[in-house]
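Peer 1: how would this look folded up:
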Amino acid sequence: MSSYAITGASKGIGQEFVRQLVADEANTVLAIVRNPASRDISELASKHPNLHVIKGDVTDPKSILEAASAAAAITDGKLDVLIHNSNAVDMASMGYNPSQLPFDAQAIREIFEPSFSTGIYGGLWTTNAFLPLVEKGTQKKIVHISTAMADVTFINKTGVSYAVAYSVTKAGMNVQVAKYAAELAPKGIKVLALSPGWVDTWEGEKPAEVVQADEAMLKQFQLWEPECKAQILPEESVGKCLRVIEHLDAKDSGLLLSHNGDQLTWL
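Peer 2: Model (predicted):
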(Lines give C-alpha, C1' and ligand atoms only; values in the text may rest on other atoms or scores of the structure.)
Protein backbone atom coordinates (compact mmCIF):
# COMPACT_ATOMS: atom_id res chain seq x y z
CA MET A 1 0.00 0.00 0.00
CA SER A 2 1.29 3.49 -0.92
CA SER A 3 0.21 6.89 0.33
CA TYR A 4 0.15 10.07 -1.73
CA ALA A 5 -0.61 13.72 -0.97
CA ILE A 6 -1.35 16.07 -3.88
CA THR A 7 -1.73 19.83 -3.57
CA GLY A 8 -3.83 21.77 -6.04
CA ALA A 9 -5.94 18.65 -6.44
CA SER A 10 -9.31 20.21 -7.25
CA LYS A 11 -8.81 20.62 -11.00
CA GLY A 12 -6.58 20.03 -13.99
CA ILE A 13 -3.43 17.95 -13.60
CA GLY A 14 -3.82 17.74 -9.82
CA GLN A 15 -7.28 16.25 -10.08
CA GLU A 16 -6.05 13.80 -12.71
CA PHE A 17 -3.29 12.63 -10.34
CA VAL A 18 -6.00 11.95 -7.77
CA ARG A 19 -8.27 10.20 -10.28
CA GLN A 20 -5.56 7.81 -11.45
CA LEU A 21 -4.15 7.10 -8.00
CA VAL A 22 -7.49 6.29 -6.33
CA ALA A 23 -8.20 3.71 -9.05
CA ASP A 24 -5.84 1.42 -7.11
CA GLU A 25 -7.73 0.64 -3.91
CA ALA A 26 -4.45 -0.19 -2.16
CA ASN A 27 -3.43 3.48 -2.34
CA THR A 28 -4.29 6.05 0.28
CA VAL A 29 -4.74 9.37 -1.52
CA LEU A 30 -4.85 12.76 0.19
CA ALA A 31 -6.24 15.58 -1.96
CA ILE A 32 -5.12 18.93 -0.52
CA VAL A 33 -7.53 21.62 -1.71
CA ARG A 34 -8.59 25.10 -0.64
CA ASN A 35 -12.27 24.19 -0.91
CA PRO A 36 -13.09 20.58 0.07
CA ALA A 37 -16.71 21.15 -0.97
CA SER A 38 -15.82 21.74 -4.63
CA ARG A 39 -18.03 19.54 -6.79
CA ASP A 40 -15.56 17.42 -8.76
CA ILE A 41 -13.36 16.44 -5.84
CA SER A 42 -16.40 15.79 -3.64
CA GLU A 43 -17.86 13.46 -6.27
CA LEU A 44 -14.59 11.58 -6.53
CA ALA A 45 -14.44 11.18 -2.75
CA SER A 46 -18.00 9.83 -2.66
CA LYS A 47 -16.98 7.03 -5.02
CA HIS A 48 -13.58 6.17 -3.55
CA PRO A 49 -13.19 5.43 0.18
CA ASN A 50 -9.41 5.53 -0.23
CA LEU A 51 -9.59 9.25 -1.10
CA HIS A 52 -9.40 11.78 1.73
CA VAL A 53 -10.07 15.42 0.92
CA ILE A 54 -8.18 17.81 3.22
CA LYS A 55 -8.53 21.57 3.42
CA GLY A 56 -5.19 23.28 2.82
CA ASP A 57 -3.93 26.46 1.21
CA VAL A 58 -0.25 26.30 0.22
CA THR A 59 0.02 30.10 0.35
CA ASP A 60 -0.92 30.10 4.05
CA PRO A 61 1.71 28.52 6.36
CA LYS A 62 -0.80 27.89 9.15
CA SER A 63 -3.26 26.26 6.76
CA ILE A 64 -0.74 23.89 5.19
CA LEU A 65 0.61 22.89 8.61
CA GLU A 66 -2.95 22.03 9.64
CA ALA A 67 -3.34 20.03 6.42
CA ALA A 68 -0.18 18.05 7.21
CA SER A 69 -1.47 17.37 10.72
CA ALA A 70 -4.78 16.12 9.30
CA ALA A 71 -2.89 13.94 6.84
CA ALA A 72 -0.76 12.44 9.62
CA ALA A 73 -3.90 11.43 11.50
CA ILE A 74 -5.08 9.48 8.44
CA THR A 75 -1.77 7.81 7.51
CA ASP A 76 -0.39 7.13 10.98
CA GLY A 77 2.20 9.87 10.54
CA LYS A 78 3.67 8.50 7.31
CA LEU A 79 3.65 9.54 3.65
CA ASP A 80 5.28 7.86 0.66
CA VAL A 81 4.93 10.54 -2.01
CA LEU A 82 4.23 14.27 -1.81
CA ILE A 83 3.26 15.94 -5.10
CA HIS A 84 3.30 19.73 -4.94
CA ASN A 85 1.15 20.64 -7.94
CA SER A 86 -0.37 23.97 -6.86
CA ASN A 87 0.05 26.75 -9.38
CA ALA A 88 -1.37 30.21 -10.04
CA VAL A 89 -0.57 32.81 -12.68
CA ASP A 90 -1.55 36.36 -13.56
CA MET A 91 -3.31 35.62 -16.85
CA ALA A 92 -3.44 39.26 -17.92
CA SER A 93 0.36 39.43 -18.25
CA MET A 94 1.07 35.92 -19.58
CA GLY A 95 1.58 37.22 -23.13
CA TYR A 96 4.03 39.95 -22.12
CA ASN A 97 7.69 39.79 -23.06
CA PRO A 98 10.06 40.96 -20.30
CA SER A 99 10.62 44.37 -21.92
CA GLN A 100 6.85 44.94 -21.81
CA LEU A 101 6.58 44.60 -18.04
CA PRO A 102 5.56 47.89 -16.39
CA PHE A 103 7.76 50.38 -14.52
CA ASP A 104 5.41 50.09 -11.58
CA ALA A 105 6.42 48.36 -8.36
CA GLN A 106 2.91 47.42 -7.31
CA ALA A 107 1.98 46.15 -10.76
CA ILE A 108 5.10 43.97 -10.90
CA ARG A 109 4.31 42.49 -7.49
CA GLU A 110 0.80 41.67 -8.65
CA ILE A 111 2.15 39.97 -11.77
CA PHE A 112 4.72 37.84 -9.92
CA GLU A 113 2.94 37.22 -6.62
CA PRO A 114 0.46 34.49 -7.70
CA SER A 115 3.24 32.32 -9.13
CA PHE A 116 5.70 33.01 -6.33
CA SER A 117 3.11 32.40 -3.61
CA THR A 118 2.15 28.98 -4.92
CA GLY A 119 5.42 27.80 -6.47
CA ILE A 120 8.23 29.20 -4.32
CA TYR A 121 6.76 30.09 -0.93
CA GLY A 122 4.07 27.45 -1.19
CA GLY A 123 6.64 24.88 -2.27
CA LEU A 124 8.76 25.60 0.79
CA TRP A 125 5.88 25.57 3.26
CA THR A 126 4.28 22.45 1.79
CA THR A 127 7.54 20.51 1.66
CA ASN A 128 8.51 21.49 5.19
CA ALA A 129 5.05 20.76 6.58
CA PHE A 130 4.90 17.26 5.09
CA LEU A 131 8.59 16.44 5.48
CA PRO A 132 8.21 14.67 8.86
CA LEU A 133 5.64 12.36 7.25
CA VAL A 134 7.82 11.67 4.20
CA GLU A 135 10.78 10.84 6.46
CA LYS A 136 8.71 8.04 7.99
CA GLY A 137 7.37 6.81 4.67
CA THR A 138 8.65 3.89 2.64
CA GLN A 139 9.22 5.50 -0.78
CA LYS A 140 10.40 8.88 0.57
CA LYS A 141 9.65 10.95 -2.55
CA ILE A 142 8.83 14.64 -3.01
CA VAL A 143 7.83 15.93 -6.45
CA HIS A 144 7.28 19.54 -7.51
CA ILE A 145 5.43 20.04 -10.80
CA SER A 146 7.56 22.31 -13.00
CA THR A 147 7.88 23.07 -16.72
CA ALA A 148 10.24 23.11 -19.68
CA MET A 149 9.48 26.83 -19.89
CA ALA A 150 12.06 27.16 -17.11
CA ASP A 151 14.78 25.37 -19.07
CA VAL A 152 17.11 27.95 -20.62
CA THR A 153 18.09 25.72 -23.55
CA PHE A 154 14.44 25.20 -24.42
CA ILE A 155 13.74 28.95 -24.16
CA ASN A 156 16.67 29.87 -26.38
CA LYS A 157 15.84 27.33 -29.09
CA THR A 158 12.09 28.00 -29.25
CA GLY A 159 12.20 31.75 -28.68
CA VAL A 160 9.49 31.59 -26.04
CA SER A 161 9.94 35.02 -24.44
CA TYR A 162 6.53 35.41 -22.73
CA ALA A 163 5.09 33.89 -19.53
CA VAL A 164 7.88 35.60 -17.63
CA ALA A 165 6.64 35.36 -14.04
CA TYR A 166 5.51 31.76 -14.51
CA SER A 167 8.83 30.69 -16.03
CA VAL A 168 11.00 32.57 -13.53
CA THR A 169 9.05 31.03 -10.68
CA LYS A 170 9.45 27.52 -12.03
CA ALA A 171 13.18 28.11 -12.55
CA GLY A 172 13.40 29.12 -8.90
CA MET A 173 11.41 26.02 -8.01
CA ASN A 174 13.95 23.86 -9.86
CA VAL A 175 16.79 25.34 -7.81
CA GLN A 176 14.77 24.91 -4.64
CA VAL A 177 14.23 21.25 -5.52
CA ALA A 178 17.98 20.78 -6.05
CA LYS A 179 18.68 22.36 -2.66
CA TYR A 180 16.20 20.03 -0.96
CA ALA A 181 17.71 17.04 -2.79
CA ALA A 182 21.19 17.96 -1.56
CA GLU A 183 19.99 18.42 2.01
CA LEU A 184 17.79 15.33 2.22
CA ALA A 185 19.96 12.80 0.37
CA PRO A 186 21.50 11.48 3.62
CA LYS A 187 17.96 10.62 4.80
CA GLY A 188 17.21 8.67 1.62
CA ILE A 189 14.62 11.21 0.45
CA LYS A 190 14.40 11.84 -3.30
CA VAL A 191 13.22 15.24 -4.56
CA LEU A 192 12.30 15.91 -8.20
CA ALA A 193 11.12 18.75 -10.42
CA LEU A 194 8.81 17.18 -13.00
CA SER A 195 7.50 18.75 -16.20
CA PRO A 196 4.12 17.31 -17.22
CA GLY A 197 4.47 18.31 -20.88
CA TRP A 198 2.30 20.66 -22.89
CA VAL A 199 -1.07 19.74 -21.39
CA ASP A 200 -4.55 20.88 -22.38
CA THR A 201 -6.34 21.62 -19.10
CA TRP A 202 -8.80 24.13 -20.54
CA GLU A 203 -12.37 23.47 -19.40
CA GLY A 204 -15.08 23.99 -22.00
CA GLU A 205 -14.79 25.55 -25.44
CA LYS A 206 -11.67 27.63 -26.01
CA PRO A 207 -12.10 31.29 -27.02
CA ALA A 208 -10.67 32.24 -30.40
CA GLU A 209 -7.76 34.14 -28.84
CA VAL A 210 -6.73 31.07 -26.84
CA VAL A 211 -6.85 28.91 -29.96
CA GLN A 212 -4.67 31.45 -31.77
CA ALA A 213 -2.20 31.52 -28.89
CA ASP A 214 -2.00 27.72 -28.90
CA GLU A 215 -1.30 27.73 -32.64
CA ALA A 216 1.49 30.27 -32.20
CA MET A 217 3.02 28.25 -29.35
CA LEU A 218 2.86 25.08 -31.42
CA LYS A 219 4.98 26.65 -34.16
CA GLN A 220 7.60 27.64 -31.58
CA PHE A 221 7.51 24.29 -29.82
CA GLN A 222 8.03 22.50 -33.13
CA LEU A 223 11.43 24.17 -33.31
CA TRP A 224 12.31 21.91 -30.38
CA GLU A 225 10.26 18.87 -31.27
CA PRO A 226 9.16 18.82 -34.94
CA GLU A 227 6.84 15.85 -34.36
CA CYS A 228 4.74 17.78 -31.83
CA LYS A 229 1.23 18.20 -33.28
CA ALA A 230 -0.87 19.40 -30.35
CA GLN A 231 -1.24 19.49 -26.59
CA ILE A 232 -1.59 16.20 -24.77
CA LEU A 233 -4.49 15.37 -22.48
CA PRO A 234 -4.14 15.22 -18.68
CA GLU A 235 -4.72 11.46 -18.75
CA GLU A 236 -1.62 10.86 -20.87
CA SER A 237 0.50 13.40 -19.01
CA VAL A 238 -0.27 12.08 -15.53
CA GLY A 239 0.05 8.44 -16.56
CA LYS A 240 3.58 9.15 -17.76
CA CYS A 241 4.39 11.33 -14.74
CA LEU A 242 3.39 8.53 -12.38
CA ARG A 243 5.76 6.16 -14.15
CA VAL A 244 8.59 8.69 -13.72
CA ILE A 245 7.73 9.03 -10.03
CA GLU A 246 7.60 5.25 -9.62
CA HIS A 247 11.13 4.92 -10.98
CA LEU A 248 12.58 7.97 -9.21
CA ASP A 249 15.83 7.06 -7.49
CA ALA A 250 18.81 8.79 -5.93
CA LYS A 251 20.61 9.41 -9.23
CA ASP A 252 17.73 11.54 -10.55
CA SER A 253 17.05 13.37 -7.29
CA GLY A 254 17.47 17.12 -7.69
CA LEU A 255 16.89 17.15 -11.45
CA LEU A 256 14.20 18.56 -13.72
CA LEU A 257 12.81 15.67 -15.76
CA SER A 258 10.12 15.51 -18.42
CA HIS A 259 6.99 13.34 -18.20
CA ASN A 260 8.95 10.97 -20.43
CA GLY A 261 11.66 10.62 -17.80
CA ASP A 262 14.41 12.51 -19.66
CA GLN A 263 15.69 16.04 -20.19
CA LEU A 264 14.88 16.25 -23.89
CA THR A 265 11.33 15.25 -24.86
CA TRP A 266 9.56 18.04 -22.98
CA LEU A 267 6.41 18.09 -25.11
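
Peer 1: residue 25: which element?
Peer 2: Assigned by DSSP states H and E, residue 25 falls within no helix or strand.

Peer 1: count of neighbours near the nearest residue to it once chain neighbours are set aside?
Peer 2: Using Cβ to Cβ, 6 or more residues apart in numbering and skipping residues adjacent in sequence, the residue nearest residue 25 is residue 50, 5.6 Å away. C-betas here are computed from N, CA, C, even on glycine. Residues lying near residue 50 (other Cβ atoms under 10 Å) number 16.

Peer 1: residue 50: what's it in contact with?
Peer 2: The contact partners of residue 50, by Cβ atoms under 8 Å, 6 or more residues apart in numbering, come to 22, 25, 26, 27, 28, 29.

Peer 1: among the residues you listed, who's most crowded?
Peer 2: For these, neighbours tallied by other Cβ under 10 Å; top is residue 29, 26 neighbours.

Peer 1: check contacts around that residue.
Peer 2: Neighbour list for residue 29: 3, 4, 6, 18, 21, 22, 48, 50, 51, 52 [criterion: Cβ under 8 Å, 6+ apart].

Peer 1: state whether residue 205 is indeed within a strand.
Peer 2: No. With DSSP: H, G, I helix; E, B strand; the rest coil as the criterion, residue 205 is located in coil rather than a strand.

Peer 1: go through stretch 202-215 and flag the buried ones.
Peer 2: By neighbour count with 16 or more other Cβ atoms under 10 Å, stretch 202-215 contains the buried residues residue 214.

Peer 1: can you check stretch 74-81 too?
Peer 2: 75, 78, 79, 80, 81.

Peer 1: dump these to TSV, plus distance to residue 120 and secondary structure.
Peer 2: Shown next, in TSV, are the buried residues of stretch 74-81 (distance: Cβ to Cβ, whole Å; DSSP: H, G, I helix; E, B strand; the rest coil):
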residue	distance to residue 120	secondary structure
75	27	helix
78	27	coil
79	22	coil
80	25	coil
81	21	strand
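
Peer 1: which one of these is nearest residue 134?
Peer 2: Taking Cβ to Cβ as the measure, residue 79 is the one of the buried residues of stretch 74-81 closest to residue 134, at 5.2 Å.

Peer 1: tell me, how many residues neighbour the nearest residue to the closest one once chain neighbours are set aside?
Peer 2: Nearest residue to residue 79 in three dimensions, chain neighbours excluded: residue 133, at 3.7 Å (Cβ to Cβ, 6+ apart). Counted with other Cβ under 10 Å, the neighbours of residue 133 add up to 22.

Peer 1: same question, the one 3 residues further on
Peer 2: When neighbours are defined as other Cβ under 10 Å, residue 136 has 15 of them.

Peer 1: what sits against it?
Peer 2: Residue 136 touches 77, 78, 79, counting by Cβ under 8 Å, 6+ apart.

Peer 1: next one: it from residue 253, what distance?
Peer 2: 18 Å (Cβ to Cβ, to the nearest Å).

Peer 1: fine by me, thanks again.
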